[in-house]
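# sequence isn't available, so here's the structure alone:
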DNA sequence: CCCGATTCCTGTAGGC
DNA sequence: TGCCTACAGGAATCGG
């Protein structure tokens, strides 16, 4: 599932192939994604040059003079570059034909992703407005998380997965960063000390940076746009390791639903 | 405001 | 072996 490291890996994979290229044609085979693909997209994008490829949270932004394409990979989406004439599979929903002769193809079996079009400041778009700070920015530190968590009785895991608090942390990296911090994922967010939030903030940054460096986590078929899988899976300490041995204390890794999501942790190492 | 439940979708895992 | 069902999950939205 694409979280911040996978989206950033995708961005780095496709940006060199898109930046400065002009879109020649857009083919939409399936308009029904998380939200309908607007017809303004295929009406406006052809003829536009992609000036930049940016990431905000888990969104990719393709910037042109006329506006921005806003792309989200949902949980099963991926992008790849193919040659024209490559027959589309059943889940290959959208093709962007580029003047380079290459085709950017969006694949998304579960269709939780989206591709939207917006004019004006993309950060003011309803989906982007109100998002919390980037976890790798200086805005996110122990003090910030501590202050935002005061008075909250919900568990710390859904707290750090809340995009209004901090963006980009999904189910995998939430479990991993809490494990590294020694914090029990079910602990009430408002009852965690400032010192422990400092440890957690550092752990979040470290986990995300390591995952980006390894090209993300490939659980099933994620590839970074260049067809290569991510190699962070082998670095996972608890995610997907229920009943296996904790690498620190050798006790069994636990799995429990917290915040409506499967959560992995070590009951002995995380308090 | 805060928080939990619900919703979209389909491949896959697990049970029988 | 094969069929069928339950489950997984990002994040918006709704209900309490």
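In hand now; what should we look at? Only a predicted model underlies this, so the values are computations on that prediction, with no experimental measurement involved. Numbering: from 1, shown residues only, chains lettered A, B, ... in the order given.

# tell me the domain boundaries of chain A?
Domain assignment for chain A by automatic domain parsing gives A:4-124, A:142-265.

# dump those to a markdown table, plus distance to DNA strand B, mean neighbour count and mean pLDDT.
Just so you know, the C-beta spots here come from the backbone N, C-alpha and C atoms, and that holds for glycine as well. Below are the domains of chain A laid out as a markdown table (distance: least, Cβ to the nearest atom of the strand, whole Å; neighbours: other Cβ atoms under 10 Å; pLDDT from 0 to 100):
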| stretch | distance to DNA strand B | mean neighbour count | mean pLDDT |
| --- | --- | --- | --- |
| domain A:4-124 | 4 | 18 | 94 |
| domain A:142-265 | 3 | 18 | 89 |
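
# wait, which of the ones you listed is closest to residue A:132?
In terms of Cβ to Cβ, the element of the domains of chain A nearest to residue A:132 is domain A:142-265, at 4.8 Å.

# distance of the most centrally placed residue in chain A from DNA strand B?
For chain A, residue A:3 is the residue whose C-alpha lies nearest the centre (Cα atoms, centre = their mean; 2.6 Å). Residue A:3 is 17 Å from DNA strand B, where distance means Cβ to the nearest atom of the strand, to the nearest Å.

# with distance to DNA strand C added, can I get the domains of chain A in CSV?
Below are these laid out as CSV (distance: least, Cβ to the nearest atom of the strand, whole Å):
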stretch, distance to DNA strand C
domain A:4-124, 4
domain A:142-265, 3
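
# returning to that earlier point: could you double-check that the residue nearest to the centre of chain A lies in contact with residue A:172?
Yes - assessed by Cβ atoms under 8 Å, residue A:3 is found in contact with residue A:172 at 6.0 Å.

# which strands and helices lie in contact with the helix ranked longest in chain A?
The longest helix of chain A (DSSP state H) is helix A:194-213. Under the contact definition 3 or more Cβ pairs under 8 Å, 6 or more residues apart in numbering; DSSP states H and E, helix A:194-213 sits against helix A:4-18, helix A:142-149, helix A:171-181.

# could you check the angle that helix makes with helix A:4-18?
On the basis of axes from the mean of the first three to the mean of the last three Cα atoms, to 10 degrees, helix A:194-213 is oriented at 40 degrees to helix A:4-18.

# how about residue A:184: what's its closest non-neighbour residue?
residue A:270 (4.5 Å; Cβ to Cβ, 6 or more residues apart in numbering).

# which of the three states applies to that neighbour?
Residue A:270 carries the three-state label coil when classified by DSSP: H, G, I helix; E, B strand; the rest coil.

# who are the contact partners of the closest residue to residue A:114 other than its chain neighbours?
Nearest residue to residue A:114, sequence neighbours excluded (Cβ to Cβ, 6+ apart): residue A:34, at 4.3 Å. For residue A:34, the contacting residues are A:72, A:74, A:111, A:112, A:113, A:114, by Cβ atoms under 8 Å, 6 or more residues apart in numbering.

# how about residue A:107?
A:77, A:78, A:79, A:80, A:89, A:91, A:92, A:93.

# so the last one touches residue A:112, yeah?
Put plainly, it is residue A:93. No - assessed by Cβ under 8 Å, residue A:93 is found out of contact with residue A:112, at 12.0 Å.
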